[in-house]
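Trainee: next comes the sequence, and after it the predicted model I'd like to discuss.
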Amino acid sequence: MLASEFRQRFLLHPTAAGDAVPSSDQHQAAVLVPVIDYGDRLQVLFTQRALHLRHHPGQISFPGGRIEPGEQSAEAALREAEEEIGLTPNAVTLLGRLPLQPTSTGFNIVPWVGLLAPQPRWLLQPAEVAGIFEVPLTHFLQQENRHQFNLPLRGKVQQLHAMPYQDKFIWGATAAILHRLCLQLA
C-alpha cells in the first residue's frame, strides 16, 4: 500500500475539531502511530520501553504519554514523540485520530496517526526507550497476523489483541490500536 492509497482509505475522526478528550475517571494519554512513507512501502514505527521503567517495562508501544493540563491530545502525542525518539513535530503530517482506546490500567488513549518521511536518525531517550523498530504495514493488514484472546485480568475477562512480528510480541493497547487502524483501512 502506498501513501496515496493509505490517505484515501483512511477514515478518521477530524483533526481540527473534537481534539478534546471526554472527561472521565480515567487518566488521559495520547500516542502517535508513526507511519513512515518509503515511497514504495509504508512501515509502522514502534518503541520498546526501557526495562527499568515501573510501568510496562520492555513492552512494545507507540511514542506517547499523559496529556498535560491545558494540552490538546495531538500536541501531547507530538511532544511525547519528540521527547522519546527525537521526532520533530514539523516532520509529521497528522492525518487524524482513531477512536479512544481504554486500557485495563485506567487510561484513555487518543491515538493520532501521522505520516512521515524516513528520518536520517533517531534520538532515543534512554530513560524511556530501549529501542525502536519498524514493521511493514502490510504485515498487520493480513488477518492471519492479528490475534485476539481472552485473559482473566484484574477480576474481569479482558479481550486482548496480539500481533507477533519476527521476535517481537506486540500486544495489549498497542495491538488494539493497530487492529482499529487495520479495520479503518479494510
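Mentor: Good, I have the coordinates.

Trainee: measure the residue sitting furthest away from the middle of the chain to F149 for me?
Mentor: Within the chain, G155 marks the point farthest from the mean C-alpha position, 26.5 Å out by C-alpha atoms, centre = their mean. When distance is defined by C-beta to C-beta, to the nearest Å, G155 is 18 Å away from F149. Every residue, glycine included, has its C-beta placed from N, CA and C.

Trainee: for L160, same thing?
Mentor: For L160 relative to F149 (C-beta to C-beta), the value is 6 Å.

Trainee: between the two, which has more neighbouring residues?
Mentor: Applying other C-beta atoms under 10 Å to L160 and F149 shows that L160 carries more neighbours, namely 17 against 10.

Trainee: for that one, phi and psi?
Mentor: phi -110, psi 150 (degrees, to the nearest 10).

Trainee: close enough to count as contact, it and Q148?
Mentor: Yes. If you go by C-beta atoms under 8 Å, L160 and Q148 touch, sitting 7.0 Å apart.

Trainee: contact partners for L160?
Mentor: L160 sits next to 148-151, 171-172, 175-176 when contact means C-beta atoms under 8 Å, 6 or more residues apart in numbering.

Trainee: mind checking pLDDT for it?
Mentor: Residue-level confidence at L160 comes out at 82, pLDDT.

Trainee: low-confidence stretches in this structure?
Mentor: 10-26, 50-58 (pLDDT under 70).
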